[in-house]
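Asks: this one's structure only:
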Ligand code: C2E
Ligand code: MG
Ligand code: MG
Ligand code: MG
């Protein structure tokens, strides 16, 4: 593209964009099949508790293993699923998958909540709320939902009512990507959330930035004042972890601790971490 003249560049750009639009339409058509035929799978990424030096919970992240295109990441199909009206079915699939995986892990002694990302659209979807609640109540699974504040903005009253009904049946709520979107302190006050996740844009370069440490520290203090636990996402370096620890950040998540892993690799990760022995006396692998 860089070597092309202005006119060619415009033509090429239009071609690439129409290609993308075509892609979306194709993906949209293929989604129901993909969900029905198990082309979706989950990866799990742990959140580590800094002080307790143990795995506090995990987040389930969805992937699409497309038969022709290979691996597709959620950034390329979540909005397609929303537009296609398939996000509810996809999320219910993920919820059932998580519950099955979780019960296997718990039997091996790895018993902690697993969080699922919930699209804002679903917070206004009575049918989804009823079905998801039923699945969770039936199984007694330790489920958490990650939601962004932006997702509440469409219809705050309904969203907050539905979130409260989830909290009432034991679902832990975490505010995802805090600081990255249209954050509103008004929603922060009203949401029945017990965890706040600071967006990775403030965390990844924490140790080399002038401002990020100030933003992160004041966010941690704000969350603690509101009696929420804080997770930093995108922790990639020991120096970021060291700073977060000093700032009193409760939990960390990121490539430093573990990349998102398929269920079998995640199970092995948990087994190995346990092998390091008593968490109270031996630092587990993520803090070394
Ligand atoms: P998110 O919930 O904020 O998830 C964190 C994203 O950051 C994940 O990307 C994860 O792989 C990535 N990540 C984790 N640690 C690090 C790190 O140390 N450094 C960097 N640079 N990145 C890190 P992923 O899996 O591509 O997911 C992107 C977004 O897609 C998620 O953002 C979430 O909003 C959405 N998503 C994923 N699964 C689902 C789902 O089942 N349903 C819905 N509605 N959305 C989902
Ligand atoms: Mg998330
Ligand atoms: Mg996030
Ligand atoms: Mg994010």
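Replies: Looks like it came in fine. No experiment lies behind these values; they were computed from the predicted model shown. Numbers count the residues shown, from 1 in each chain. Ligands and ions are numbered 1, 2, ... in the order given.
Asks: next SSE downstream of the longest strand anywhere in the chain?
Replies: Ranked by residue count, the top strand of the chain under DSSP state E comes out as strand 54-66. Tracing the chain past strand 54-66, the next element assigned as helix or strand by DSSP states H and E is strand 70-72.
Asks: what does the helix or strand following that following strand contact?
Replies: Secondary structure here is assigned by DSSP H and E; on that basis, the next helix or strand after strand 70-72 toward the C-terminus is helix 78-83. Contacts made with helix 78-83 from outside it, assessed by Cβ atoms under 8 Å, 6 or more residues apart in numbering, are listed as 24, 27-28, 31, 62, 87, 90, 119, 121. Every C-beta, even on glycine, is put in place using the N, C-alpha and C of the backbone.
Asks: among these, which are in helices?
Replies: Secondary structure defined by DSSP state H assigns 24, 27-28, 31, 87, 90 of these to helices.
Asks: up against ligand 3, what does the stretch 101-250 of the chain have?
Replies: Within reach of ligand 3 by Cβ under 5 Å from the ion, the stretch 101-250 of the chain has these residues: 176-177, 233.
Asks: what do you get if the cut-off is 8 Å, keeping everything else the same?
Replies: Residues of the stretch 101-250 of the chain lying close to ligand 3 (Cβ under 8 Å from the ion) are 117, 146, 148, 176-177, 197, 199-200, 233.
Asks: ok, so of the ones in helices among the contacts of helix 78-83, who is nearest residue 44?
Replies: Looking at the ones in helices among the contacts of helix 78-83 and their distance to residue 44, the nearest is residue 90, at 17.0 Å (Cβ to Cβ).
Asks: ok, the closest one touching residue 40?
Replies: Yes: between residue 90 and residue 40 a contact is recorded at 6.9 Å, counting by Cβ atoms under 8 Å.
Asks: shared neighbours of those two, anything?
Replies: In the contact map built from Cβ under 8 Å, 6+ apart, the residues linked to both residue 90 and residue 40 are residue 62.
Asks: all strands of the stretch 151-288 of the chain, in order?
Replies: Counting by DSSP state E, counting those that start in this stretch, the stretch 151-288 of the chain has strands at residues 172-178, 195-198, 229-232, 251-252, 261-262.
Asks: could I get those as a markdown table with mean pLDDT and distance to residue 57?
Replies: Formatted as a markdown table, the entries for the strands of the stretch 151-288 of the chain read as follows, by pLDDT from 0 to 100; distance: least, Cβ to Cβ, whole Å:
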| stretch | mean pLDDT | distance to residue 57 |
| --- | --- | --- |
| strand 172-178 | 96 | 8 |
| strand 195-198 | 97 | 9 |
| strand 229-232 | 98 | 9 |
| strand 251-252 | 98 | 8 |
| strand 261-262 | 98 | 15 |
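Asks: please convert those to a markdown table, extending it with mean neighbour count.
Replies: Output for the strands of the stretch 151-288 of the chain, formatted as a markdown table (neighbours: other Cβ atoms under 10 Å):
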| stretch | mean neighbour count |
| --- | --- |
| strand 172-178 | 23 |
| strand 195-198 | 26 |
| strand 229-232 | 26 |
| strand 251-252 | 26 |
| strand 261-262 | 16 |
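Asks: how about the ones you listed in a markdown table, adding distance to residue 209?
Replies: Below are the strands of the stretch 151-288 of the chain laid out as a markdown table (distance: least, Cβ to Cβ, whole Å):
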| stretch | distance to residue 209 |
| --- | --- |
| strand 172-178 | 17 |
| strand 195-198 | 13 |
| strand 229-232 | 13 |
| strand 251-252 | 17 |
| strand 261-262 | 29 |
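Asks: and of these, who's closest to residue 96?
Replies: Counting by Cβ to Cβ, residue 96 lies closest to strand 261-262 out of the strands of the stretch 151-288 of the chain; the figure is 17.1 Å.
Asks: contacts for that closest one?
Replies: By Cβ under 8 Å, 6+ apart, the list of residues contacting strand 261-262 from outside reads 41-45, 269.
Asks: now it, how far from the centre of its chain.
Replies: How far strand 261-262 lies from its chain's middle: 14 Å, per Cα atoms, centre = their mean, to the nearest Å.
Asks: could you do stretch 58-66 as well?
Replies: Using Cα atoms, centre = their mean, the offset of stretch 58-66 from its chain centre is 10 Å.
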